[in-house]
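Peer 1: sequence unknown, structure follows:
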């Protein structure tokens, strides 16, 4: 009998169990029925994608300045190229676009600093993003200070306006929603009743109605000579509307935390706000990431409703461009561009939320 005194060298896994072919065999061709459905699905994709790629890429017109440069055989991306500045900045004066670009670059840099792990001074960067950056952005975008030309908000539009509405709405709705959720769980009858009425009222009214009321009815209740900018009115309506939905998302997360967590904190002598701020809310917010991101994505897409009060966001400015007699007949290209831009922002936000879920997962999942 032979006894080995050395370990057998590691051998690669069988070729049938690893690699792309193994994945295809396990997921798409694991049996006759699955193989038939896979082939049928690939055929349907071919029927759908082949003409789409032919129209959107192969036969498309990319270079030019007018509709005469479009052959009509494929997509006319010349229209997008010719109107791109308007789609991004709206009617903002071209000579002042550098101000918008600085705001965009600064915001992207701050968000990247907060999102990239292991970068230092994140707390100070967060304070600067929430406190200092809005002031700088307002001074740059609106002007009137340091010799900057005033640009009225009715000239703001396109992707710039969409981002302003979405970012301000998100930042303002989250803390208000947290306070409303805590108030709805409060033991004080007056506070609880106020929060319940507030949440149910705003959740029961369509956003388009709120925007219309904020734009048309709110000025009627203001004192004579007092006026509120139309953009500010839209931001107030969006914030109040989204904070009600955010409150229910937060309340669901709070209810998912075992009651023993708060009782243990109370046994240690912690007050209400310390219990919530140090024990309950950090755990609840971590579990609420999918719901919060879903609400933010919904808000980002709902910004298109501001068209009814005369604000031209990305979709509104695209529709306005389609009414130009020089570019009639290119609606499909315009809507595809708008949809693609919305998809980029929503998809990237969704992917980052999944990254946060994996990073913050500490065993709550069962």
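Peer 2: Good, I have the coordinates. Just so it is clear, the structure is predicted and the values come from calculations on it, not from any experiment.
Peer 1: in this protein, what spans have low per-residue confidence?
Peer 2: Under the criterion pLDDT under 70, the flagged ranges of the chain are 1-2, 13-18, 362-366.
Peer 1: Mind naming the longest helix for it?
Peer 2: Of all the segments assigned as helix in the chain under DSSP state H, the longest by residue count is helix 331-360.
Peer 1: by contact count, what packs against that helix?
Peer 2: In terms of contacts (3 or more Cβ pairs under 8 Å, 6 or more residues apart in numbering; DSSP states H and E), helix 331-360 is packed against helix 78-89, helix 289-302, helix 314-322. All C-beta spots, glycine's among them, are computed from the backbone N, C-alpha and C.
Peer 1: So for residue 157, which of those helices sits nearest?
Peer 2: Closest to residue 157 of the helices and strands packed on helix 331-360, according to Cβ to Cβ: helix 314-322, at 5.0 Å.
Peer 1: could you give the angle of that closest one to helix 331-360?
Peer 2: 170 degrees (axes from the mean of the first three to the mean of the last three Cα atoms, to 10 degrees).
Peer 1: for helix 314-322, the distance to its chain's centre please.
Peer 2: Relative to its chain's centre, helix 314-322 lies at 20 Å (Cα atoms, centre = their mean, to the nearest Å).
Peer 1: Just the buried residues of the helix or strand containing residue 112, please?
Peer 2: Of the helices and strands defined by DSSP states H and E, residue 112 is found in helix 97-115. Residues of helix 97-115 classed as buried: 99, 100, 103, 106, 107, 110, 113 (neighbour count, 16 or more other Cβ atoms under 10 Å).
Peer 1: Residue 244: which of the residues you listed is nearest?
Peer 2: For those, the residue nearest residue 244 by Cβ to Cβ is residue 107; the value is 26.5 Å.
Peer 1: about what we covered before: which other helices and strands contact the helix holding residue 112?
Peer 2: With contacts taken as 3+ Cβ pairs under 8 Å, 6+ apart, helix 97-115 sits against helix 78-89, helix 122-127, helix 133-142, helix 158-184.
Peer 1: ok, 10 Å please
Peer 2: Helix 97-115 is packed against helix 78-89, helix 122-127, helix 133-142, helix 158-184, helix 331-360, with contacts defined by 3 or more Cβ pairs under 10 Å, 6 or more residues apart in numbering; DSSP states H and E.
Peer 1: check contacts around residue 188.
Peer 2: 194, 195 (Cβ atoms under 10 Å, 6 or more residues apart in numbering).
Peer 1: Roughly how far does it sit from residue 276?
Peer 2: Taking Cβ to Cβ, to the nearest Å as the criterion, residue 188 is separated from residue 276 by 15 Å.
Peer 1: Over to residue 154?
Peer 2: Taking Cβ to Cβ as the criterion, residue 154 is separated from residue 276 by 42 Å.
Peer 1: Which one's more surrounded, these two?
Peer 2: Here residue 154 and residue 276 are set side by side on neighbour count (other Cβ atoms under 10 Å), and the busier one is residue 276, at 19 against 14.
Peer 1: Please look at that one and residue 186 and confirm they touch.
Peer 2: No - using Cβ atoms under 10 Å, residue 276 is not in contact with residue 186, being 11.0 Å away.
Peer 1: in terms of contact, does residue 216 touch residue 309 like I think?
Peer 2: Yes - counting by Cβ under 10 Å, a contact exists between residue 216 and residue 309, whose distance comes to 7.9 Å.
Peer 1: Compare these two and say which is more crowded by neighbours.
Peer 2: Neighbour tally, residue 216 and residue 309, criterion other Cβ under 10 Å: the higher count belongs to residue 309, 18 against 12.
Peer 1: Nearest spatial neighbour of the more buried one, chain-adjacent residues omitted?
Peer 2: Using Cβ to Cβ, 6 or more residues apart in numbering and skipping the chain neighbours, the partner closest in space to residue 309 is residue 215 (3.8 Å).
Peer 1: Validate this expectation: that neighbour resides in a helix.
Peer 2: Yes - read with DSSP: H, G, I helix; E, B strand; the rest coil, residue 215 is one of the residues of a helix.
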